[in-house]
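1. All I have is the shape, not the residue letters:
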């Protein structure tokens, strides 16, 4: 509201200047206030544009970072799945080795019995 009043006063004073009238001190002051208000508006608009540019740039960087994190997480998930498969394979091999060791124990037990029987006879 004040901005509109200052703008209208400045326009009225500028009309007086065009007519060649002398300005009072208060009219000169109003012209200066009007010019300051215009410059403040320009500065505010410039700052708002710069803030918007920075915000957009920051949003892009956040999005890029998020995308990178998602990519890394997916790659890690694939690696974990591969490791799980390898662990399952190793578990199978360990189970097979346990079976073979158990079979060897049985055979060794049988050999020990035969050895003991043959030494006692």
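-> Sure thing, it's come through. These figures come from a predicted structure and were not determined experimentally. Residues are numbered from 1 along each chain as shown.

2. From now on I want contacts and neighbour counts done on CA atoms only, so please keep to that.
-> Will do.

3. Longest helix in this structure, please.
-> helix 25-120 (DSSP state H).

4. got the buried residues for the helix or strand of the chain with the lowest mean pLDDT?
-> Counting by mean pLDDT, DSSP states H and E, the chain has its least confident helix or strand at helix 2-18, which shows a mean of 86. For helix 2-18, burial by neighbour count (16 or more other Cα atoms under 10 Å) applies to 6-7, 9-10, 13-14.

5. relative to helix 25-120, how tilted is it?
-> With axes from the mean of the first three to the mean of the last three Cα atoms, to 10 degrees applied, the angle from helix 2-18 to helix 25-120 works out at 140 degrees.

6. what does helix 2-18 rub up against?
-> 22-23, 27, 30-31, 33-34, 37 (Cα atoms under 8 Å, 6 or more residues apart in numbering).

7. and what of stretch 113-121?
-> Outside of stretch 113-121, no residue comes within contact range by Cα under 8 Å, 6+ apart.

8. switch to 10 Å and redo it
-> 107-112 (Cα atoms under 10 Å, 6 or more residues apart in numbering).
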